[in-house]
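Fold the following and give me the result.
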Amino acid sequence: MSRICIHQDDLITVWCDPERKLIHHEIHGYCHSEPFRAALGAGTDAMARHGCTAWLSDDRRNGPLTPEDAEWAINEWFPRTRAIGWTHWAVVKPERAVAQLNVQQFVDSYRERGLEVAVFDDPVVALQWLQTIEEA
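The predicted structure follows:
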């Protein structure tokens with residue numbers, strides 16, 4: 001994988017793989033507010049720059065989003081990212097049940113808006129799914 005690190009801090013790392021047309025983030029601890037928004041925004045910018053269409057979200061270590069972050073993600077970030085060409089989202093669900101419920105709201109909302117979404121327990125399997133989509 002020819003990944004380029006496009007954002008990194010203590011809470012989240014975001015990579016871009018231009019060859020696979022993939023953005024990948026991994027959350028390292030409860031990430032919300034400005035760190036969350038900055039990281040996802042960097043991913044969206046890289047998606048536009050490199051013509052990516054897929055996003056792998058490794059959210060295993062995250063907690064539920066704040067209502068403000070949820071509103072931002074659904075009403076601002078998603079439409080902008082989708083308009084760039086985002087078509088497939090692989091989500092590695094959070095370990096905590098309350099955060100899993102939170103992620104489900106995004107899965108449902110984004111599916112309703114035409115995004116193809118799959119939820120996984122393992123990031124390796126999630127990446128394999130995205131590679132299968134690319135090959136189809």
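
helix/strand/coil for the residue most central in space within the chain?
Within the chain, the residue whose C-alpha comes closest to the C-alpha centroid is Ser57; the distance, by C-alpha atoms, centre = their mean, is 3.7 Å. Here Ser57 takes the strand state, with states given by DSSP: H, G, I helix; E, B strand; the rest coil.

what do you get for the one 5 residues further on?
Three-state assignment for Asn62 (three-state DSSP): coil.

Could you do Cys16 as well?
Relying on three-state DSSP, one would call Cys16 strand.

surely it meets His7?
No - shown here, Cys16 and His7 do not form a contact pair, counting by C-beta atoms under 8 Å, at 9.6 Å. Quick note: C-beta positions are derived from backbone N, CA and C, even for glycine.

More neighbours: which of these two?
Neighbour count, other C-beta atoms under 10 Å: between Cys16 and His7, Cys16 has more, with 24 against 19.

What distance do you get for the more buried one to Asp121?
Distance check for Cys16 against Asp121: by C-beta to C-beta, to the nearest Å, it reads 24 Å.

Then Gly51?
Remark: distance between Gly51 and Asp121 (C-beta to C-beta) = 29 Å.

go on, Ala54?
For Ala54, the distance to Asp121 under the criterion C-beta to C-beta works out to 19 Å.
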